[in-house]
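Engineer: Predicted structure and sequence below. I'll ask about it afterward.
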Amino acid sequence: MDSSWLVEEKPWLTIWYRTRQTIRSILDDPFPSRIAWFFIPLFGISLTLDQISFSEYGDWYTLPYLLLISIPIGVVAGFGVWSLYSWIFWGAGRLLGGEAEWKEMHRALAWAVLPYVVKLFLWYTQALAFGEETFTLYTPTIDNSVPLLLLYFLFFFLDVLLTIWFYGILIKTVAEVHDFSAWKGAAVVFLSLAILWLVLKYIVGFVYMPL
């Protein structure tokens, strides 16, 4: 099968392993698919559930409430973070000699969030498996059940894997849009996120995890 055909017809698949070729195809397409718009709110909900887990809000609120409230917050957060990332990666890259237009970065990043869309399904599966202990600090039921404990570590492994894959796709996406090497793309991403984290923590007073 011609790989270029696959990139053009199934970018949601090839972005996982042919990231730069897929992003270039998306940017060169005069009639780009609008399916990526649906990724953004799902990305935001997934990101919100990550924040809920990090902050252990399950100790104060019930699981149904957290899952419900994460939807409107996540939709807003998804579009907000997507736009913010587009601006900072575009601006930082331009300072380093990048060639991207803001609209190109904006369009490309909509596809780069796909690993977080998959992570959302992991969160809902964990909620079904672990119930109220999904977002709590103490997990006595999980700790005293070997099957649940094994399942917990499986979910943890998949979560780490998808997070690493997300950053790999993000770096290659930024690099391709700016016509950078992968190393220069990594510098843009991590330096930008480090500055964002410091601003949020020490000026706004909000710890944003994960980045």
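Structural biologist: Perfect, thanks for sending it. Numbers count the residues shown, from 1 in each chain.
Engineer: Counting neighbours, what do you get for residue 152?
Structural biologist: 18 (other C-beta atoms under 10 Å). Where C-beta positions appear, they are placed from N, C-alpha and C, glycine not excepted.
Engineer: low-confidence ranges in the protein?
Structural biologist: Confidence mapping of the chain against pLDDT under 70 gives the ranges 1-3, 5-8, 204-211.
Engineer: Look through it and report the residue furthest from the middle.
Structural biologist: In the chain, residue 144 marks the outermost C-alpha relative to the chain mean, sitting 32.0 Å out by C-alpha atoms, centre = their mean.
Engineer: Could you list which residues are in contact with residue 188?
Structural biologist: 89, 92, 93, 96, 98, 174, 175, 178, 180 (C-beta atoms under 8 Å, 6 or more residues apart in numbering).
Engineer: how close does the second one sit to residue 37?
Structural biologist: Okay, so that is residue 92. 25 Å (C-beta to C-beta, to the nearest Å).
Engineer: Tell me which of these two has more neighbours.
Structural biologist: residue 92 (19 against 11).
Engineer: Give me the helices and strands touching the helix or strand hosting the more buried one, please.
Structural biologist: Assigned by DSSP states H and E, residue 92 falls within helix 63-95. On a contact count with 3 or more C-beta pairs under 8 Å, 6 or more residues apart in numbering; DSSP states H and E, helix 63-95 meets helix 36-55, helix 102-112, helix 114-130, helix 146-178, helix 182-199.
Engineer: Now the first one: buried residues?
Structural biologist: Read that as helix 36-55. 36, 39-53 (16 or more other C-beta atoms under 10 Å).
Engineer: Which elements pack onto it?
Structural biologist: So helix 36-55, by 3+ C-beta pairs under 8 Å, 6+ apart, packs with helix 63-95, helix 102-112, helix 114-130.
Engineer: List the buried residues of the second one.
Structural biologist: Buried residues in helix 102-112, defined by neighbour count with 16+ other C-beta under 10 Å: 104, 105, 106, 107, 108, 109, 110, 111, 112.
Engineer: how about residue 109, what does it touch?
Structural biologist: 82, 85, 86, 89, 170, 173.
Engineer: which of those residues has the most neighbours?
Structural biologist: Of the contacts of residue 109, with other C-beta under 10 Å as the count, residue 89 tops at 28 neighbours.
Engineer: circling back to that earlier point, phi first, then psi, for the residue farthest from the centre of the chain.
Structural biologist: For residue 144, the backbone dihedrals (degrees, to the nearest 10) come out as phi -100, psi 10.
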